[in-house]
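Student: Curious how this folds, go ahead:
(one chain, ligands or ions: 2)
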Amino acid sequence: MENERIIETVGLTKKYGQQTAVDQLTFRVEEGEIFGFLGPNGSGKSTTLLMLLGLSRPSKGSARVCGLDPVRKPIDVKRLVGYLPENVGVYRDLDAVESLTYIAELNGINGGTVSKKIEEVLDVVGLSKDAHKKVGTYSRGMRQRLGIAEVLIKDPKVLFLDEPTLGLDPDGAFRVIEIIQSLNRNRKITVLLSSHNLHHVQKISHRVGIMIKGKMVAMGSVASLGKEKFSLEEEEYTLEQIYMKYFEEG
Ligand SMILES: Nc1ncnc2c1ncn2[C@@H]1O[C@H](COP(=O)(O)OP(=O)(O)O)[C@@H](O)[C@H]1O
Ligand SMILES: [Mg+2]
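Tutor: Numbers count the residues shown, from 1 in each chain. Ligands and ions are numbered 1, 2, ... in the order given. Okay, the predicted model is just below:
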């Protein structure tokens, strides 16, 4: 059976003036995958996510997210996609329950199911016992997990996570990565994960794509990229090695 394509782009391009931030990007992500979206700073990852969400208009090319065109159906796309941006804002004076109640309201979710839903998402991200502490007192890792809880409130089919472990200590990053993997395994959520943490990306991604200067220069499983392109031995398939080879070529 062929998997449903959750994300599909054809020749997707974004220009800012003379500069091409995303250059003829064609790729797809299948239902149920964790896709590691890699590349140095400035290579066009966040711009791609914004176009997929309908928050930035492509200069050329097209995209489909869950079968929808984000240019024409941005609201429908946002309903299905949970987006955790690079810099998550928090309401320092609210506690987690208050924050999530507010987010639920913004998403038009209310009534009797809200408090149950909030309990559930707090449990998923391991914040149940800190639910009534002010978010201003949270560690960076806890804030990031609250950010994930916020996007889970609307039961997304897909998650776009833009560098969710940036600036976290090893323990905080590990917890976030474990949550992402369990959401994928237990809830079949498809994940597009942008990250510089190659060790973690290798651990949980089914496939990866490497962007260099707006172009996707490589795409596939870590093993297939290591074997086909560089004839690496099995024990040498580290994503870091593969990434550095493309980076040096690029
Ligand atoms: N709003 C904008 N206006 C002008 N240039 C931008 C804008 N957003 C991003 N860029 C440029 O586009 C390129 C890609 O940026 P970005 O998508 O943020 O890369 P990444 O997320 O991979 O670090 C960079 O050169 C960046 O400076
Ligand atoms: Mg970025």
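Student: tell me which element Gly89 falls in.
Tutor: Per DSSP states H and E, Gly89 falls between elements, in no helix or strand.
Student: Now do the same for it: its pLDDT.
Tutor: We have a pLDDT of 82 for Gly89.
Student: Could you count how many residues lie near it?
Tutor: Per other CB atoms under 10 Å, the neighbour tally for Gly89 reads 8. All C-beta spots, glycine's among them, are computed from the backbone N, C-alpha and C.
Student: Could you measure from Glu4 over to ligand 1?
Tutor: Using CB to the nearest ligand atom, to the nearest Å, Glu4 is found at 27 Å from ligand 1.
Student: Likewise for Gln24?
Tutor: From Gln24 over to ligand 1 the distance is 15 Å, taken as CB to the nearest ligand atom.
Student: just Glu236 next, same as before
Tutor: As judged by CB to the nearest ligand atom, Glu236 and ligand 1 stand 27 Å apart.
Student: Kindly report the same for Arg187.
Tutor: Distance of Arg187 to ligand 1, given as CB to the nearest ligand atom: 26 Å.
Student: quick one: low-confidence ranges for this protein?
Tutor: Counting by pLDDT under 70, the chain has low-confidence residues at 1-3, 234-235.
Student: most centrally placed residue in the chain?
Tutor: The residue lying closest to the centre of the chain (CA atoms, centre = their mean) is Leu161, at 2.2 Å.
Student: State the helix or strand in which it lies.
Tutor: strand 158-162.
Student: again with Lys15
Tutor: Taking DSSP H and E as the definition, Lys15 sits inside strand 5-16.
Student: from the chain's centre, how far out does that strand sit?
Tutor: Mean-position distance between strand 5-16 and its chain equals 16 Å (CA atoms, centre = their mean, to the nearest Å).
Student: and what of stretch 109-126?
Tutor: Relative to where its chain is centred, stretch 109-126 has its mean C-alpha point 21 Å off (CA atoms, centre = their mean).
Student: List the contacts of it.
Tutor: Applying CB atoms under 8 Å, 6 or more residues apart in numbering, the contact partners of stretch 109-126 are 96-97, 100-101, 104, 128, 131, 145-146, 148-149, 152-154, 175, 179, 182-183.
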